[in-house]
Every structure is written in structure tokens, then in C-alpha cells.
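Visitor: A predicted structure for the sequence below; I have some questions about it.
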Amino acid sequence: MAETAAERAHPPGRRGLTLGGAVRRAWEYPLFYCLLFLFGLMSLAWSLTAALIGPFLPRRIAGPLGRQAIGTGFRLYLGTLRACGVLKTDLSALDALKEDDGLLICPNHPSIMDAVLLISRLPDVVCIAKAKVYDNLFLGGGARMAGYIRNDAPNSLVKMAAQQVRAGRQLLIFPEGTRTEQAPVNALKGGFALIAKTAGAPVQTVFIDANSNFLGKGWPLFRKPEFPLVYTVRLGRRFDPPTDVRLLVEDLDRHYRTEL
């Protein structure tokens, strides 16, 4: 039987594919934002719990317990996103860092998701946290219990961060200071280099590649991205403990721009 013009224009397979794609796109949006709501609930539950129990625990117990709890929560959340088909990740490169003590980990910063991705794979890492995180109902209790370091007092920040690194811990710090505004990387701040010099510690560069600018600078929270979101983490060069802060900043900037 000859095909009609309508059948040629809209073959059955193509109609099914289009319909299936439309249905998938329709449910992805509410699903993803329901999952963001779940993240908020998880964060709030742990923040309130940590705020209650943290002050009564010895620091040597509270810090590791707080960091492990946050890392476990982030892994569970990312696993849920992957199971729902809205996220794909390859974070396996970070496994090479798990046994490396006394180290600064310095990634680029394309989106809000970056810290979640890295902490999920390096659950005992200490972070530099913005002051508004400490004062946030959803995140503050957990950040304080974990021993994360406020970024609003530069002198004490450098001192406290260097102490953590000299004690053998890994420190996660974003050299751009904020999410990337102008690709491939913002002008780097010098705080990470000063910490590395003060602690006498090496700096490990990390690159986060994404298929979307979702939750980057200028991306509204409720603007729907294309799914699945895909994030890949790869290791860059490791720089020796610096003697010259400015030189390290310049070297790192060149390395970021070459690799990104």
C-alpha cells in the first residue's frame, strides 16, 4: 500500500520517538526540582542535627564525623540523581588522591555543583566556606561541625587553613574565589598560594568538565538545563610547595587556561 503524504511526513517510528521525547522532557523538569527540594531537606536535617550535637562532641570526633556525614549525604544524593537518569558523572580520577595527606586541592569552579561532586568522593576533605554558608540554616550547622573554615577573615583563614594542611589534612579551595564568570577561568586569587607557602604544601590542580553551564554564574535556579547533566573530573599538574606566591598564581593560571 502506498504511503500517504501524512505518513511520509510523520512516520510511526518518528511519531513515537517525538512523543517519548516530549514525555521525558515533561517529567524531567518536575523530577529534577523535586530532587533539589530533597537536597534542601537533607541539608536542613543534617544542619539542625549537627548544630545540636556538634557543640557537645570533642573536636577530634566532631570534625571527622561531620565531614563523613556530609560526604555520605552528597554521595547518596548524587546516586539518586544518577538513578533517576538526570545525571552522569565520572569522578574516578579523585581516587588517586585519597591517600595523599597535607595537600591543597584546587579545582576550577564552573557551578554550584562542584563542591558536592568533590566532597562526595573525598569525604574527609576540609573546605573553605563562604560566611553566608556558616550563617545559612540549611548548611551552617554541618559546616561548623565539619570544621570548615570561614572565608571572611583573611588573616585567620590563612592561619587556620595552613594548620589543617600541616596536620595532614586535604584542603579544598577554589582559586577563582567564585564561580567562573568569563571562560575558561576567572583571574585567580592569591589566597590558595599563600596558604600553600605558609603550610609548605603542594597544590594539586583538578579540572571539572561539564556539558552545561547549569547553576553557573548567571544561570537562574529555575532555568531548566538539558538532561542528563554530565560532569567529568580529571587531575592536572601537581605544583611543589611554593617559595614565591605570585609566581605560583601565574603558573596555575597558565595551566588552567591551557587545560581548559
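Guide: Yep, that arrived.

Visitor: Does Val230 lie in a helix or a strand, and which?
Guide: strand 229-239 (DSSP states H and E).

Visitor: Check which residues of that strand are buried.
Guide: 229, 231-233, 236, 239 (16 or more other C-beta atoms under 10 Å). C-beta: built from backbone N, CA, C; applies to glycine.

Visitor: Can you tell me which of the residues you listed is closest to Leu31?
Guide: Set against Leu31, the nearest of these by C-beta to C-beta is Leu229 (12.7 Å).

Visitor: That closest one and Ala69: what is the separation?
Guide: Separation of Leu229 from Ala69 (C-beta to C-beta, to the nearest Å): 25 Å.

Visitor: returning to what we had before: go through the buried residues of strand 229-239 and name the one nearest Leu87.
Guide: For the buried residues of strand 229-239, the nearest to Leu87 is Leu229 (5.1 Å; C-beta to C-beta).

Visitor: Just give me the closest of the buried residues of strand 229-239 to Thr205.
Guide: Gly236 (3.4 Å).

Visitor: That closest one is in contact with Arg254, isn't it?
Guide: No - at 11.4 Å, Gly236 does not count as touching Arg254 under the criterion of C-beta atoms under 8 Å.

Visitor: ok, now which ones touch the closest residue in space to Val245 that isn't next to it in sequence?
Guide: In space, and not counting its chain neighbours, Val245 is closest to Ala193: 4.3 Å by C-beta to C-beta, 6 or more residues apart in numbering. Taking C-beta atoms under 8 Å, 6 or more residues apart in numbering, we find Ala193 in contact with 203, 242, 245-246, 248-249, 252.

Visitor: Pull the residues that contact stretch 123-135.
Guide: Contacts for stretch 123-135 (C-beta under 8 Å, 6+ apart): 64, 67-68, 70-72, 74-75, 105, 115, 118-119, 139-140, 143-144, 146-152, 157, 161, 164, 169-174, 191.

Visitor: Save the contacts of Ala193 as CSV, and put in neighbour count and pLDDT too.
Guide: What follows is those, written out as CSV (neighbours: other C-beta atoms under 10 Å; pLDDT from 0 to 100):
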residue, neighbour count, pLDDT
Val203, 25, 98
Pro242, 22, 96
Val245, 17, 96
Arg246, 10, 97
Leu248, 23, 97
Val249, 20, 97
Leu252, 23, 97
